[in-house]
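no sequence on this one, just coordinates:
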């Protein structure tokens, strides 16, 4: 386990490069847009299922 941690730290120090500030900002905007779109899609599906369940139980109770 110690060897793994040491190798991981070495990998981070020598082989990982961080993106530029501009690239990070662009990626952040892309992630934010897709997160909002995914949240809206989830809300839409939830709303449809909620309506369908309401209709089903209203017909069942009738």
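Structure received. Keep in mind that what you see is a predicted model, and the values were worked out from it rather than measured. Residues are numbered from 1 along each chain as shown.

sec struct for residue 17, please.
In three-state terms, and counting by DSSP: H, G, I helix; E, B strand; the rest coil, residue 17 is coil.

identify the single longest helix in the protein, thanks.
helix 21-61 (DSSP state H).

mind checking the pLDDT average for that one?
Throughout helix 21-61, pLDDT has a mean value of 96.

make 59 the first number, not 1, from now on.
Shifting the count to begin at 59 puts that one at helix 79-119.

packing partners of that helix?
Contact analysis of helix 79-119 by 3 or more CB pairs under 8 Å, 6 or more residues apart in numbering; DSSP states H and E lists no helix or strand as a packing neighbour. C-beta coordinates here come from the backbone N, C-alpha and C atoms, glycine included.

need the residue closest to the centroid of the protein.
The residue at the geometric middle of the chain, judged as the C-alpha nearest the mean C-alpha position with CA atoms, centre = their mean, is residue 93 (5.9 Å).

for it, give its distance to residue 86.
To residue 86, residue 93 is 10 Å away according to CB to CB, to the nearest Å.

and what of residue 108?
32 Å.

can you check residue 112 too?
As for residue 112, its distance to residue 86 is 39 Å (criterion: CB to CB).

cool, residue 65 as well?
In this view, residue 65 and residue 86 are 30 Å apart by CB to CB.

and for residue 113?
Counting by CB to CB, the gap between residue 113 and residue 86 amounts to 41 Å.

what is the helix or strand where residue 69 lies packed up against?
Under the criterion DSSP states H and E, the helix or strand holding residue 69 is helix 60-73. Other helices and strands packing on helix 60-73, by 3+ CB pairs under 8 Å, 6+ apart, are absent; none qualifies.

quick check: mean pLDDT across it?
Across helix 60-73, pLDDT averages out at 94.

mind checking how far it is from the chain centre?
Relative to its parent chain, helix 60-73 has a centroid offset of 28 Å by CA atoms, centre = their mean, to the nearest Å.

go on, stretch 89-98?
Remark: stretch 89-98 is offset 8 Å from the chain centroid, using CA atoms, centre = their mean.
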